[in-house]
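Asks: Prediction below, plus the sequence it came from.
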Amino acid sequence: MHSKFMKSTAMANAPVAVEAQKGPASARVTSIDALRGFVMFTMIYVNDIAGAPQRLIPNWMVHFSERHRHGSGMTFVDLVFPGFLFVMGMSIPFAVGARFEKGEPFWKILLHAVTRTLSLLAIGILMVNGESGGTALWHYLMFLSAIFAFCAISPRDAGASAKVWKGVGRGLRLLGFAGMIFCAFTFRGDNDERVITLSPFSIHTSWYGILGLIGWAYLTAMLVFLVFRARPTALLGCVALLFCFYPADQTGTFSNFWLENHIVSLADTVGSHGAIATAGVLLAAMLVAPDSRERARRLDSIPASYKTAEIAEPAKGVSDTGNGTPNRTKFTLLFIAGFSAAALLLNGLYGISKNDATPSWCLWSCAVTAALWLGFDTLERSPANIIARPFRIAGQNVLLAYLLSEMLPNPLHLLSVADAGLWSEVVCSLVWAAVVLAMSVGLNKVGLRLRI
């Protein structure tokens, strides 16, 4: 992963506005597809524009901390990563509820969550180590290996050749995992750093990379949901408890914790980031059953037709009819107001800082992302929903788009006129973001998807 990736990242998944279909097939959650595509488009644009001459980039197009080292504030760039965490959390009640409805045992669902977390950590560690060195060939091999390791090939018109394609997919996955292992052992950084050393055994994690941070937050939110399911009061309590990790760390509470010192930061990676993802779980848990009587009935199970994947697959759900829409809109507005008020109250205590993952930054991120989802949800239900269509289509294979955007340089910058100014760089980055999403859409149509 290039260093510019720290400018922003996001791949947002979550469920709720749906397009009803007849029959047993699930309807696609179109508003979340659109939001996912929009956030990925923004991520690619922000990462690419970060490579432009800094003298051309205005303050509002970079992280607030880059131009205000010790200041308090945030720009839209600071919202992309937490936006993904929040919407990822929204998908958890739907995906896990579907698994319970299928009769999967608790241990198998937990194993799935741990495996997914380890997969994200593995890719994240390789990418963040790649920032400190490695040849161009190593970088291309690492990204291709990650794509192969988690690919699923299923052409729509496979017919009798479906088994053949399934076998091809398995072969590519084995090749991809072998490639990732090879990359881990052969990497040499600028100062001869290694990803893995055997004597003594160690893994150079650095800060785990963006995907690694996402993995830890995902695991935190998953564990919360597996314990409390869709109980809103318990989920809200867990959000508040996770937010307490930050002030606890400020007073040295975790200074002697082995987990804090050797594995993962409890204050930001588990606490703040986990709180954002769990807040997404809270919003989705309330949206699953907008009516209070229905909510009471569904505390421990969610209909099997609510199907979605937490990371890479399109979100799906049931048709949204009756009085559910005004109820959930009202709750979402109250959710936004409550988190915004909490952000204002805590602003004076620790300020707003993405780098420090302060509570106020987390709360503002939750409020803004919830507002964005509500906007797309409303748009999808209006005659103007064609506006969201490009993002909706692009939102169906965002993990592949993310890896492609990090692997491939933007060739459009070679065509831009030297010193043409900010808008030349902006146009090149916007076009490149659209091109990468179009490539992922094309690969999706021929049957190539990534599943973690």
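Replies: Sure thing, it's come through.
Asks: So which residues of the stretch 101-250 of the chain form strands?
Replies: Secondary structure of the stretch 101-250 of the chain (DSSP state E, counting those that start in this stretch): strands at 151-153, 196-198, 201-203.
Asks: highest average neighbour count across those?
Replies: strand 151-153 (a mean of 19; mean count of other CB atoms under 10 Å). Any C-beta I mention is one placed from the backbone N, CA and C, and that applies to glycine too.
Asks: Report the distance from that strand to the chain centre.
Replies: How far strand 151-153 lies from its chain's middle: 20 Å, per CA atoms, centre = their mean, to the nearest Å.
Asks: ok, it: who's next to it in the sheet?
Replies: Strand pairing for strand 151-153, determined by DSSP bridges: strand 448-450 (antiparallel).
Asks: what distance separates the partner strand from the middle of the whole chain?
Replies: Distance, centroid of strand 448-450 to centroid of chain: 17 Å (CA atoms, centre = their mean).
Asks: Next: stretch 99-119.
Replies: Averaging C-alpha positions (CA atoms, centre = their mean) puts stretch 99-119 19 Å from its chain's average.
Asks: same check, this time on stretch 133-151
Replies: Centre-to-centre, stretch 133-151 and its host chain are 20 Å apart (CA atoms, centre = their mean).
Asks: List the buried residues for it?
Replies: 134, 138-139, 141-151 (16 or more other CB atoms under 10 Å).
Asks: Equivalent analysis for stretch 187-206, please.
Replies: By neighbour count, with 16+ other CB under 10 Å as the criterion, the buried positions of stretch 187-206 are 187, 194, 195, 204, 205.
Asks: hmm, back to that, what I need now is the strands of the stretch 101-250 of the chain written out in a markdown table, including distance to residue 410 and mean pLDDT for each item.
Replies: Formatted as a markdown table, the strands of the stretch 101-250 of the chain follow (distance: least, CB to CB, whole Å; pLDDT from 0 to 100):
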| stretch | distance to residue 410 | mean pLDDT |
| --- | --- | --- |
| strand 151-153 | 24 | 87 |
| strand 196-198 | 32 | 88 |
| strand 201-203 | 32 | 86 |
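Asks: would a markdown table of those with distance to residue 442 be doable?
Replies: What follows is the strands of the stretch 101-250 of the chain, written out as a markdown table (distance: least, CB to CB, whole Å):
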| stretch | distance to residue 442 |
| --- | --- |
| strand 151-153 | 14 |
| strand 196-198 | 35 |
| strand 201-203 | 36 |
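Asks: out of those strands, nearest to residue 336?
Replies: Using CB to CB as the measure, strand 151-153 is the one of these that comes nearest residue 336, at 36.1 Å.
Asks: re the thing from before, least confident pick among the buried residues of stretch 133-151?
Replies: Within those, residue 134 has the lowest pLDDT, namely 83.
Asks: Next one: it relative to residue 408, how far apart?
Replies: Plainly put, residue 134 is 16 Å away from residue 408 if you go by CB to CB, to the nearest Å.
Asks: what do you get for residue 136?
Replies: As judged by CB to CB, residue 136 and residue 408 stand 12 Å apart.
Asks: do residue 196 as well
Replies: Residue 196 is 27 Å from residue 408, by CB to CB.
Asks: Below-threshold pLDDT in the stretch 1-150 of the chain: ranges please.
Replies: 1-29 (pLDDT under 70).
Asks: And the helices in it, which stretches?
Replies: 30-49, 64-67, 80-101, 106-130, 136-149 (DSSP state H, counting those that start in this stretch).
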